[in-house]
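S.K.: Quick one: sequence plus predicted model below, questions after.
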2 protein chains.
Amino acid sequence: MSIVVVGTVAFDTVETPFGRGENVLGGSATYFSTSASFFTDVSLVAVVGEDFPEEHVTFLQGRNVDTTGLQRIPGKTFHWSGRYGYDLNEAQTLDTQLNVLMDFQPELPESYRDAEYLFLANIDPDLQMKVLDQVRKPKLVACDTMNFWISSKPAALKKVLQRVDIVVINEGEARQFTGEANLVKAARQIMALGCKRLVVKRGEYGVLMFTPETVFAAPAYPLEEVFDPTGAGDTFAGGFMGYLANTGDLSEAGLRQAIIFGSVMASFNVEDFSLNRMKRLEFKEIKARFSSFKALTSFRDVAV
Amino acid sequence: MSIVVVGTVAFDTVETPFGRGENVLGGSATYFSTSASFFTDVSLVAVVGEDFPEEHVTFLQGRNVDTTGLQRIPGKTFHWSGRYGYDLNEAQTLDTQLNVLMDFQPELPESYRDAEYLFLANIDPDLQMKVLDQVRKPKLVACDTMNFWISSKPAALKKVLQRVDIVVINEGEARQFTGEANLVKAARQIMALGCKRLVVKRGEYGVLMFTPETVFAAPAYPLEEVFDPTGAGDTFAGGFMGYLANTGDLSEAGLRQAIIFGSVMASFNVEDFSLNRMKRLEFKEIKARFSSFKALTSFRDVAV
């Protein structure tokens, strides 16, 4: 089944200790769509300005991403600038130019409205809500957010969180949102808003998936070369949702496999700047790294 | 088989956001011995002063720890004071009074010298070396260290690392020791000194075990209540080595199980101050939590 995603399509200017990318393709919906497209069809809802090069649209279409919902309006495309130190876990935002995002009114093409899978990528929660209201009967809705919206629009964000099945959030943001230092307690508080599952992203430490009864811990893949963590979380979410939409298996076991596929996709994405690694990624590499995750985490039961 | 451990037996004064323990029982060898004693016999090499209460010795003996190698010499027992903030991953050392540790000359009782398993817990690397020299033909030697020795005695420490089979070290210390930000690269550099395996402790993020060919990732157990992380690393090492000595299985699979048992022991230890949780721990709880680790990490293979 196909996934509808709303989020940002952006220019990023990124500095890491290993290099610099200026005005490269970025944005939460871009990373998500590209990653999910390895598993399923994706329909994109986003906005760009007049300065957005056609080649980026062509790239997305080449990955079978439906760009009917990608609006192009007068003005400049959203631009994020950030820097990472040797600790690649946290980006330092240097500059955010919202530009066309300020006037974005997401309007879903009729062909999108019966989507079974919906992902509300990191964007203004008011826009997330507008998209949620336009999808008729989704089977599964997940959302992401970031510290900026937690500080600036907590009430709107809370309303979104109350209407989704799965919340995907960074560890630090889960703590920030709840004011609770213990992550297990923070997770319980967020789930109390109504979602069935909470997926906590911990950068190089992997992912925890909570339900009221269970926890699943997945490591990140230990890499010798991490060039650019930008988009790792969105790429993770794309693999996760893409695999779920591909299989339709929403059981605990199916969701755990999806967490690993998300982690696999994120592990590739950080190996190069922007979406460069995704552009040359082959499905057989994805399968091989899934097996590597199995080898990384397996241990024998014991009778003691 | 029995394990010989050299390390500190100490008084700790610890503050966490959840309480304070003053002059409570602590020390790397104390935590290690107590944890390992759930799996095998332990022979302790350490020093205390005249102020060390007999009840603590009685406690260790009650856990079948051989205290023949525990010297009592004139002066005061080693005393560490530290504090943890809400981020319980890193202790802030407030005060270190070496006291009798300054004059400690480890002398192994004859009955210790044929030990097959040796653990050099966190203590002056010169003392670690003196103990290593007195054990005739160990089957497996592992060691721990800390930032203090990395800064103050790097040459002596390096000599120890060159002679052990397994190095157990904190993530931050692996980075500090090598000056390498990427953990996988740091691990390779430390292994290049000669050890066959490197175990990197990452606090609430679990453990990575490296060999030149493989990596194993174990999560920490997600706990809703963490009261005092003091001794978690030594308790981990005690469970790890204790299980190895118990089974004698030094295969990759055996070592992975030992990592999980170490993680199980550490997860209990942080649930209360000092060794209080260890004192009331039962083996059936250890078995149950091993199963919980299985449930926490399991995912199905896929045919994609």
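M.R.: That came through, no problem.
S.K.: Okay, and the nearest residue to A:Ser111 once chain neighbours are set aside sits in which element?
M.R.: Leaving out its chain neighbours, the residue that sits closest to A:Ser111 by C-beta to C-beta, 6 or more residues apart in numbering or on different chains is A:Thr68, at 6.8 Å. For the C-beta atoms, the positions are set from N, CA and C on the backbone; glycine is no exception. Assigned by DSSP states H and E, A:Thr68 falls within strand A:65-72.
S.K.: What of A:Gly82?
M.R.: Applying DSSP H and E, one finds A:Gly82 within strand A:79-83.
S.K.: just A:Lys130 next, same as before
M.R.: Secondary structure from DSSP H and E places A:Lys130 in helix A:125-134.
S.K.: tell me the angle of that helix relative to strand A:65-72?
M.R.: If you take axes from the mean of the first three to the mean of the last three C-alpha atoms, to 10 degrees, helix A:125-134 sits at 130 degrees to strand A:65-72.
S.K.: Give the partner strands of the helix or strand harbouring A:Ile169 in its sheet and their orientations.
M.R.: Following DSSP H and E, one finds A:Ile169 within strand A:166-170. The sheet places strand A:166-170 alongside strand A:140-143 (parallel), strand A:197-201 (parallel), with pairing taken from DSSP bridges.
S.K.: would you turn the ones you listed into JSON lines with mean pLDDT and mean neighbour count?
M.R.: Below are the strands paired with strand A:166-170 laid out as JSON lines (pLDDT from 0 to 100; neighbours: other C-beta atoms under 10 Å in any protein chain shown):
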{"stretch": "strand A:140-143", "mean pLDDT": "98", "mean neighbour count": "24"}
{"stretch": "strand A:197-201", "mean pLDDT": "98", "mean neighbour count": "25"}
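S.K.: In a markdown table, list these along with distance to A:Arg72.
M.R.: Below are those laid out as a markdown table (distance: least, C-beta to C-beta, whole Å):
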| stretch | distance to A:Arg72 |
| --- | --- |
| strand A:140-143 | 25 |
| strand A:197-201 | 31 |
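S.K.: Any idea how many residues pack against the closest residue to chain B within the stretch 1-150 of chain A?
M.R.: Using C-beta to the nearest C-beta, the closest approach of the stretch 1-150 of chain A to chain B is made by A:Tyr86 at 3.8 Å. For A:Tyr86, the tally of surrounding residues (other C-beta atoms under 10 Å in any protein chain shown) stands at 11.
S.K.: chain center to stretch A:171-186, what's the gap?
M.R.: Its chain's C-alpha centre and that of stretch A:171-186 lie 19 Å apart, by C-alpha atoms, centre = their mean, to the nearest Å.
S.K.: That stretch: which residues count as buried?
M.R.: Across stretch A:171-186, burial judged by 16 or more other C-beta atoms under 10 Å in any protein chain shown covers A:171-178, A:180, A:182-184, A:186.
S.K.: just to revisit the earlier point, parallel or antiparallel, list what pairs with the strand holding A:Thr68.
M.R.: The pairing partners recorded for strand A:65-72 under DSSP bridges are strand A:42-48 (parallel).
S.K.: I'd like to check the angle between the helix or strand just after the strand it pairs with and strand A:42-48, please.
M.R.: Sequence-wise, the next helix or strand downstream of strand A:42-48 (DSSP H and E) is helix A:54-62. Angle, helix A:54-62 to strand A:42-48, by the same axes, to 10 degrees: 160 degrees.
S.K.: Residues touching helix A:54-62, excluding its own?
M.R.: A:9, A:25, A:30, A:33-34, A:44, A:67, A:70, A:275, A:279 (C-beta atoms under 8 Å, 6 or more residues apart in numbering or on different chains).
S.K.: Next up, the contacts around the closest residue to A:Ile73 other than its chain neighbours.
M.R.: Leaving out its chain neighbours, the residue that sits closest to A:Ile73 by C-beta to C-beta, 6+ apart is A:Val100, at 5.4 Å. The contact partners of A:Val100, taken as C-beta under 8 Å, 6+ apart, are A:47-49, A:73-78.
S.K.: same deal with A:Leu223?
M.R.: Going by C-beta under 8 Å, 6+ apart, A:Leu223 touches A:267, A:270-271, B:182, B:184.
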